[in-house]
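# here is a sequence with its predicted model. Questions after.
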Amino acid sequence: MIHPEGWVSLAQITSELDALFRREAYAIILNDKSKDRAYLFDTANYHATTSVWGILNDSDSVSVVFPDSRTALVAKYLFETGRIESRRNYHICISTGTVGSGNISLGDPDEIDEGDPVRLDLERAYGPFLFLPIVIRRTEYQSFLSKISPPQGTDSELKNAMSPAEIASEIVRAFASGVEVTRTWAKNQFMPDEKSVAFSAVWKLATEQEKGLSKPGPRSKRDPAS
């Protein structure tokens, strides 16, 4: 999804916070390999999810972006949830990051036929905002990130705590959530201190898992071509 300069998509925020808190889990494992990995990753998922809901409710700039790059503020009721540990409320799924993605198991919204009763109900509920991507001003997002403690350990140490296959899976997770993934973005996000040859091996694993990553330019699961 292409969003206007100065904005970041909800799908990308969710993916990046997933990566951040999972890196914290890997940092703990680095220091104590006896720790329960499943518990740590469940906890990472909880913290990432609750943090995203917190951003949505605290931000003054949460908007939708139209195909022509215009933005419009959205009502706060879209983010009300009684279960902050869940990635869905009635209106949105934070991993998908679009209006109307929360109240049904959509998969790919583009695959819902125009005359489908579910789609008609959603169109009545959300009108022209249906399936529009949700975005937040990058300055607000960065302000929130500055309040989060970074993982303990250097990037090289954290990379060593993650196998190449695990890093490749993180890249594929980002792609699947709608983040515009490029080779440069993935290296900066997951292996910023590593040499290109080491990252190339990880990128090869990622492209073998997800063929859409091998397309030229920014790649996103939300792109029509993918």
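The structure has been received and is ready for your questions.

# in this protein, where is pLDDT below threshold?
The chain contains residues with pLDDT under 70 at 1-2, 103-117, 149-161, 178, 216-226.

# all strands for it, in order.
For the chain, the strands defined by DSSP state E occupy 7-9, 63-65, 71-73, 134-137.

# could these go into TSV alongside distance to residue 124 and mean neighbour count?
Where C-beta positions appear, they are placed from N, C-alpha and C, glycine not excepted. Below are the strands of the chain laid out as TSV (distance: least, C-beta to C-beta, whole Å; neighbours: other C-beta atoms under 10 Å):
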stretch	distance to residue 124	mean neighbour count
strand 7-9	25	21
strand 63-65	17	20
strand 71-73	19	13
strand 134-137	20	23
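
# nearest approach to residue 194 belongs to which of those?
The minimum distance between residue 194 and the strands of the chain falls on strand 7-9, with 24.9 Å, by C-beta to C-beta.

# summarise which helices and strands that closest one is packed against.
Judged by 3 or more C-beta pairs under 8 Å, 6 or more residues apart in numbering; DSSP states H and E, strand 7-9 is in contact with strand 134-137, helix 138-145.

# so residue 11 versus residue 20, what's the distance?
15 Å (C-beta to C-beta, to the nearest Å).

# comparing the two, which shows the higher neighbour count?
residue 11 (29 against 18; other C-beta atoms under 10 Å).

# correct me, but the more buried one touches residue 179?
Yes - in this structure, residue 11 is within contact of residue 179 by C-beta atoms under 8 Å, at 6.2 Å.

# can you tell me the closest non-neighbouring residue to residue 129?
In space, and not counting its chain neighbours, residue 129 is closest to residue 99: 4.7 Å by C-beta to C-beta, 6 or more residues apart in numbering.

# how deep is residue 60 tucked in, by neighbour count?
Neighbours around residue 60, by other C-beta under 10 Å: 8.

# is it in contact with residue 140, as I believe?
Yes - if you go by C-beta under 8 Å, residue 60 and residue 140 touch, sitting 7.3 Å apart.

# mind listing what residue 46 touches?
Residue 46 sits next to residue 85 when contact means C-beta atoms under 8 Å, 6 or more residues apart in numbering.

# distance of it from residue 87?
11 Å.
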